[in-house]
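A.B. asks: Here you go, sequence then predicted model.
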Amino acid sequence: MTMAVDPMIKLGFPIEKPEPPKDCKVCRALVAQRETAVELGDLAKVTDCNVEIRNHHRPPRLLAAQ
Ligand SMILES: [Zn+2]
């Protein structure tokens, strides 16, 4: 078993930037919003956009089936 270990933990800024499929209009709008938020330095908004993008294409959960 291999475990990925981050060489360094950065605090304060969410590193993950989900890249949505290019043909999703919703995600494209979210990416545009995210870029605006980055320019404004609104990190809370950036995080919100990242979460929404990620959730928009989240793989289906098997747990919900039962
Ligand atoms: Zn999407």
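C.D. replies: Thanks, I have it.
A.B. asks: Name the residues of this protein found near the ion, please.
C.D. replies: Residues of the chain found near the ion (Cβ under 5 Å from the ion) are 20, 24, 26, 27, 56. For glycine as for every other residue, the C-beta is placed from the backbone atoms N, C-alpha and C.
A.B. asks: switch to 8 Å and redo it
C.D. replies: For the chain, the contact set with the ion under Cβ under 8 Å from the ion comprises 20, 21, 24, 25, 26, 27, 30, 53, 56, 57.
A.B. asks: The second one: what's it in contact with?
C.D. replies: By that I understand residue 21. Residues in contact with residue 21 (Cβ atoms under 8 Å, 6 or more residues apart in numbering) are 27, 57.
A.B. asks: what helix or strand does it sit in?
C.D. replies: According to DSSP states H and E, residue 21 maps onto no helix or strand at all.
A.B. asks: returning to that earlier point: so can I have CSV of the residues of the chain next to the ion showing distance to residue 45 and pLDDT?
C.D. replies: Shown next, in CSV, are the residues of the chain next to the ion (distance: Cβ to Cβ, whole Å; pLDDT from 0 to 100):
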residue, distance to residue 45, pLDDT
20, 17, 86
21, 22, 86
24, 19, 95
25, 20, 96
26, 16, 96
27, 16, 95
30, 11, 95
53, 13, 92
56, 16, 91
57, 20, 86
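A.B. asks: so where do the helices sit in this structure?
C.D. replies: Using DSSP state H, the helices of the chain run over residues 25-40, 43-56.
A.B. asks: so which of those helices comes closest to residue 4?
C.D. replies: Counting by Cβ to Cβ, residue 4 lies closest to helix 43-56 out of these; the figure is 18.0 Å.
A.B. asks: re the thing from before, next, format the helices of the chain as JSON lines and append mean neighbour count.
C.D. replies: Shown next, in JSON lines, are those (neighbours: other Cβ atoms under 10 Å):
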{"stretch": "helix 25-40", "mean neighbour count": "14"}
{"stretch": "helix 43-56", "mean neighbour count": "16"}
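A.B. asks: Kind regards, and thank you for your time.
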